[in-house]
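Asks: kindly return the folded structure for what I paste below:
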Amino acid sequence: MRALPDEFVAYHSRSSRLEGPVSSGVLRWFQLWPLPEIYLNNERYHVADFAPDLFGIGSDGGGEMLAFDAQNQLVMVPFVGMEMKYARLVAPSWKAFEHVISI
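Replies: So this is what the prediction gives:
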């Protein structure tokens, strides 16, 4: 499994806001998994088997997983039917996503 983007790890280190509203047209709520659970949750959800280009980091609090794609863009994909063809762009980068969760 690949490494998490440095800016994402830095956010986790300095922020306790791992859940809350999002000012985005695609996503209204986010829940980030705790860092120690991210790799385990990717294994539990078989992300590498169903969507090898994705790396899960949380959810929308419902049936969608938040993940980094191969270009470290933040996308949303259903937990059931987890395939890249269903992925929707949430933000082009972690920094851009940080902006929509800080509002």
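Asks: now do the buried residues in stretch 95-103.
Replies: Phe97, Glu98, Val100, Ile101 (16 or more other C-beta atoms under 10 Å). Heads up, the C-betas are built off the backbone N, CA and C, glycines and all.
Asks: now for the helix or strand encompassing the first one, which elements pack on it?
Replies: If you go by DSSP states H and E, Phe97 is part of helix 94-101. Where contact means 3 or more C-beta pairs under 8 Å, 6 or more residues apart in numbering; DSSP states H and E, helix 94-101 is packed against helix 6-14, strand 74-78, strand 88-91.
Asks: now the protein, which segments are flagged as low pLDDT?
Replies: Low-confidence segments of the chain, defined by pLDDT under 70, span residues 1, 102-103.
Asks: returning to that earlier point: determine which two of the buried residues of stretch 95-103 are furthest apart.
Replies: Between any two of the buried residues of stretch 95-103, the greatest separation by C-beta to C-beta is 7.6 Å, found for Glu98 and Val100.
Asks: and the angle from the helix or strand harbouring Glu43 to helix 6-14?
Replies: Per DSSP H and E, Glu43 falls inside helix 35-44. Interaxial angle of helix 35-44 relative to helix 6-14 (axes from the mean of the first three to the mean of the last three C-alpha atoms, to 10 degrees): 130 degrees.
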